[in-house]
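1. Need coordinates for the following:
(chains A, B, C and D)
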Protein chains: 2
Amino acid sequence: MIILLVEDDTLLAAHSIDFLAKEGIEVDYASTVMQAKSISEQQRYDAIVLDINLPDGDGLSLAQQWQHTRSEPILFLSARDTLADKLTAFSFGALDYLTKPFALEELAVRIKLLANKATPKTNKRFELDSLSVDLSAKIITRAQRVIVLSPQQWQLLALLIEHYPNPVDKATIINTIWPDQDSNNNMYKSLLTRLRSNLSHEHETPLLHTLKKQGLVLRRENTDE
Amino acid sequence: MIILLVEDDTLLAAHSIDFLAKEGIEVDYASTVMQAKSISEQQRYDAIVLDINLPDGDGLSLAQQWQHTRSEPILFLSARDTLADKLTAFSFGALDYLTKPFALEELAVRIKLLANKATPKTNKRFELDSLSVDLSAKIITRAQRVIVLSPQQWQLLALLIEHYPNPVDKATIINTIWPDQDSNNNMYKSLLTRLRSNLSHEHETPLLHTLKKQGLVLRRENTDE
DNA sequence: CTATACTGTTACCTTACGGTTACCTCTGTC
DNA sequence: GACAGAGGTAACCGTAAGGTAACAGTATAG
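-> Numbers count the residues shown, from 1 in each chain, chains lettered A, B, ... in the order given. Model (predicted):
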């Protein structure tokens, strides 16, 4: 079992890593948002433990960015123990929240629980029509042809796959891809056109359908009459 | 979503039930171990919330008994906040542990998380005659034929399904679909005609019936008053 | 420093959604 | 029987939401 720990208190981190090792939990460690991003690039974890206060940003926005590109369960650590803090964290995709100071034993137990819950989701492959997506390797093919997507396009596709076969609300998409930006409808339209054109070359059946006023779906059938 | 709450503090229980109801969580309630056992006999829950200290036993042993007979995720409540207490609870199969006093909001969030983990999203379906509606995926079929509805028509159909098998008052419909607008009766009539024509092509039996002066119903036959 | 890719921006096109109107049927009441 | 009032249908059409293409600014690589 391997987790990612992002925590700027190096002493606490050292103790944690030490203790978790005894519990059979391997730890990748980062002390800043920047580090966390680069370290985690090529790795899949069983869980991610995020401190909220970090020197170059905060764990919350990091979690938000990862919410739809990564599938790891997230546990937040924070000295802040007000209800508002906790609710915010959960709304950012946290699956658990531990206030400092905490016992390392409890952290270990909760990590193990999160990791166990996540394991049944080992199936990391998505198939629809002639489209095939490897979510962990980030490789997409359509009818034997390899497709390369830009970061934004990948984010959108991952979001749609995550909700498949249900549609995703346009507002949700915009909030996910442009978390802080002012929501510009044109950016959304452009992104959509681009993803569409990449996913279906030539005369392949379109897979991205928008339900007016309701959102965007990934489906096979052409729902025309 | 329905949960089982076992808690001997009736005041706390009442508040909790009240609050959870507002969050859309239905609660079966028991104040003792005995009660909990008999109430839960025939029911499957999305999660179980157990107080540890109970008048006729303790939540821990209850959890232990259920460990192999029931599959629901368990969250413990307790005023005891020592590490040992927590570790014990987790070793008895707890998936979460909340120390009293706690905020009802946090309880609600954690319950929802537990319930989600347990149930890998099953979409809500509605079936009537040859009509089949997937409310999450927003797919409608009538006798294998896919039906596409406009946003307003969706809203209306969803509203009717929500109240099925009861009729929905015309005023309610108008207020739902045109919340701020001035209620124009013609708009209502148009919408209704359009939805009807979409739902039953050709000679299929009509499913939308208006009961004079009472409202609109989804029904198989016109079994009027 | 050039080349390339990615994304934000603009301008324009197309479609079908939904409001409007006109007219029809049916039922009940005086 | 005529009229009122509710419910139902069909057609018309302005408009906004959705879709596309081309351009520009910025980064990143080589």
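
2. drop to CA atoms for contacts and neighbour counts, all remaining ones
-> OK.

3. A:Leu87 is in contact with A:Asp96, correct?
-> No - A:Asp96 is beyond contact range of A:Leu87, at 10.7 Å (criterion: C-alpha atoms under 8 Å).

4. Of these two, which one has the most company?
-> Just comparing A:Asp96 and A:Leu87: by other C-alpha atoms under 10 Å in any protein chain shown the higher neighbour count belongs to A:Asp96, 21 against 15.

5. who are the neighbours in contact with that one?
-> Going by C-alpha atoms under 8 Å, 6 or more residues apart in numbering or on different chains, A:Asp96 touches A:Ile74, A:Leu75, A:Phe76, A:Phe90, A:Arg110.

6. Next up, phi/psi of it, please.
-> Backbone torsions of A:Asp96, given as degrees, to the nearest 10, read phi -160, psi 160.

7. Give me the neighbour count for A:Phe126.
-> 15.

8. Quick check: it vs A:His163, distance?
-> For A:Phe126, the distance to A:His163 equals 12 Å [C-alpha to C-alpha, to the nearest Å].

9. same check, this time on A:Glu204
-> Counting by C-alpha to C-alpha, the gap from A:Glu204 to A:His163 is 23 Å.

10. same deal with A:Ile3?
-> Noted for A:Ile3: a distance of 25 Å to A:His163, by C-alpha to C-alpha.

11. Who has more neighbours out of the two?
-> Higher neighbour count among A:Ile3 and A:His163: A:Ile3, with 24 against 15, using other C-alpha under 10 Å.

12. What strands flank the helix or strand containing that one, and is each parallel or antiparallel?
-> Using DSSP states H and E, A:Ile3 maps to strand A:2-6. Looking at strand A:2-6 with DSSP bridges, its partner strands are strand A:26-30 (parallel), strand A:47-51 (parallel).

13. I would like the residues contacting it, please.
-> A:13, A:25-33, A:36, A:40, A:45-51.

14. Repeat that for stretch A:36-55.
-> A:1-8, A:28-33, A:58-60, A:72-78, A:111, A:114-115, A:118-119, A:136.

15. quick one: is it near DNA strand D?
-> No - using C-alpha under 7 Å from any atom of the strand, we find that stretch A:36-55 stays clear of DNA strand D, coming within 12.4 Å at best.

16. Just the buried residues of that stretch, please?
-> Residues of stretch A:36-55 classed as buried by neighbour count (16 or more other C-alpha atoms under 10 Å in any protein chain shown): A:36, A:40, A:44-54.

17. Redo these as TSV? Include distance to A:Thr176.
-> TSV is the format used below for these (distance: C-alpha to C-alpha, whole Å):
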residue	distance to A:Thr176
A:Ala36	20
A:Ser40	20
A:Arg44	21
A:Tyr45	22
A:Asp46	23
A:Ala47	21
A:Ile48	19
A:Val49	21
A:Leu50	19
A:Asp51	21
A:Ile52	19
A:Asn53	21
A:Leu54	22
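
18. That'll do, ta.
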